[in-house]
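Novice: Sequence below, structure please.
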Amino acid sequence: MFDLTGKKALVTGGSRGIGRGIVLALAKQGAAVAVNYHSRVDEAAAVMAEVKKLGRPALVVQADVSQKDQVIKMFDQIRQTWGQLDILVNNAGILSQAPFQDLTEEQWDQVMAVNLKGQFLCSQEAVKLMKPGSKIINLASIASGGVGVGFGLIAHYTASKGGVVALTENMAVDLAAKGINTNAIAPGVIESDMTKGMLADEQYQKGLLARIPKGKAGKPEDIGAAAAFLASDEASYITGTVLYVDGGWLAG
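Specialist: Below is the predicted model:
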């Protein structure tokens, strides 16, 4: 598909779901991949083993991306191992649900810290290891806002993802002089741990899928393919954009 041979990549939240799909997609195209995890070391090690089976170098790096000291330590490990970073995929994210009027400050702060601040912290450290031609890919969402899509019970999540889009656009402008491209991927409904509860409810799933012209949820591999494209030289003139991978949701 796209040749990433020799590239060094880091995928945050890479131990499962969409993150795992991205890790394997980059590795299949030739990249060495660092798999970040927060607490699920066994799952991260399993993904690392899959990367190595593909014949690509891999390592596991632990960090809570919302904590600056842990982020710095993670990037120090990458620096000591590889000396450089060509691709950063800011995938780590969390989701909780609550009616707006019941949303707590703690819930708000936690989601913002991981989904938005985490991307800021990781990107700042990544730039220190990047050279011209490097790529940063942020994970947004069709719930990012500004596109006529509203969801209930996740005001904090949608606000964080709207922030990701704004952050991506501004990073693209600031980092262009360094030759670093910054883009975002906005997934629609993707089969993952995050959506497992929603898709397990047959009635809710039926209503959800009715809104998708393709008539089905996407898979982590679909997001992985988009990430491989944006990480490749073929996307060298694309920066500051959001690639929606949603089965036609926004067009429907």
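
Novice: Helices along the stretch 1-150 of the chain, start to end?
Specialist: Assigned by DSSP state H, counting those that start in this stretch, the stretch 1-150 of the chain shows helices spanning 17-28, 41-53, 68-82, 105-112, 118-127.

Novice: Now do the fourth one: everything it contacts.
Specialist: Meaning helix 105-112. For helix 105-112, the surrounding residues in contact (CB atoms under 8 Å, 6 or more residues apart in numbering) are 94, 95, 96, 98, 156, 157, 159, 160, 163. Yep, even glycine has a C-beta here, placed from its N, CA and C like the rest.

Novice: Can you tell me which of those residues are buried?
Specialist: Using 16 or more other CB atoms under 10 Å as the burial test, the contacts of helix 105-112 include 94, 95, 156, 157, 159, 160, 163 as buried.

Novice: Restricted to helices, list those.
Specialist: Among the buried ones among the contacts of helix 105-112, DSSP state H puts 156, 157, 159, 160, 163 in helices.

Novice: of all the contacts of helix 105-112, which two lie farthest apart?
Specialist: Farthest pair in these (CB to CB) is 98 and 163. Separation: 18.6 Å.

Novice: Confidence-wise, which helix or strand of this protein is lowest on average?
Specialist: Least confident helix or strand, the chain: helix 196-200 with a mean of 72, by mean pLDDT, DSSP states H and E.

Novice: Just the C-alpha atoms of that one, please, in PDB.
Specialist: What follows is helix 196-200, C-alpha atoms only, in PDB (Å, rounded to 0.1, in the frame of the first residue of the first chain):
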ATOM      1  CA  LYS A 196     -18.700  -2.400  22.700                       C
ATOM      2  CA  GLY A 197     -21.500  -1.400  25.100                       C
ATOM      3  CA  MET A 198     -23.300   0.600  22.400                       C
ATOM      4  CA  LEU A 199     -23.100  -2.100  19.800                       C
ATOM      5  CA  ALA A 200     -24.200  -4.800  22.300                       C
END
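
Novice: Appreciated, that's everything.
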